[in-house]
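Engineer: sequence and predicted model, in that order:
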Amino acid sequence: MSTSRRRYSQEFKDQLCEEVISQQKTIRSVADAYGIGAETLRNWVKKYKAAHGEDEAQAPLSGSERARLAELERENQQLRAEAAFLKKAAAYFAREPR
């Protein structure tokens, strides 16, 4: 006995994809709420992103954004080095005198 495949309208697919993307819900929770397979919805989302373009987080950086990112990475590296130094200094001063 074979069961017939259910067909969904493109509007329904787009609605679910937008719900996953814009509301940042998990694919599993949306799929369970609407009674469809998670892998099916994952494929729909993949196709939706390809058709409508990747979200802004995946867009290439402009020159000013790239420079700002480099500056923030340098600052982050410096802060991590300072934190490591302070951690070692605190451990040194916290040990018992001889």
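Structural biologist: Right, received. Where do you want to start?
Engineer: which elements pack onto the host helix or strand of residue 21?
Structural biologist: Per DSSP states H and E, residue 21 falls inside helix 10-22. Under the contact definition 3 or more Cβ pairs under 8 Å, 6 or more residues apart in numbering; DSSP states H and E, helix 10-22 sits against helix 27-34, helix 38-52. Every residue, glycine included, has its C-beta placed from N, CA and C.
Engineer: show me which residues of the longest one are buried.
Structural biologist: What that stands for is helix 38-52. 41, 44-45, 48 (16 or more other Cβ atoms under 10 Å).
Engineer: let me see the mean pLDDT of stretch 43-63.
Structural biologist: For stretch 43-63, mean pLDDT rounds to 79.
Engineer: now do the end-to-end distance for it.
Structural biologist: Distance between the two ends of stretch 43-63: 34 Å, counting by Cα to Cα, to the nearest Å.
Engineer: before we move on, back to that, which among the helices and strands packed on helix 10-22 is found nearest to residue 78?
Structural biologist: Closest to residue 78 of the helices and strands packed on helix 10-22 is helix 38-52 (Cβ to Cβ; 36.6 Å).
Engineer: centre of the chain to that closest one, how far?
Structural biologist: Its chain's C-alpha centre and that of helix 38-52 lie 15 Å apart, by Cα atoms, centre = their mean, to the nearest Å.
Engineer: next SSE after that helix?
Structural biologist: helix 63-94.
Engineer: check which helices and strands that following helix sits against.
Structural biologist: Against helix 63-94 (3+ Cβ pairs under 8 Å, 6+ apart) you get no helix or strand.
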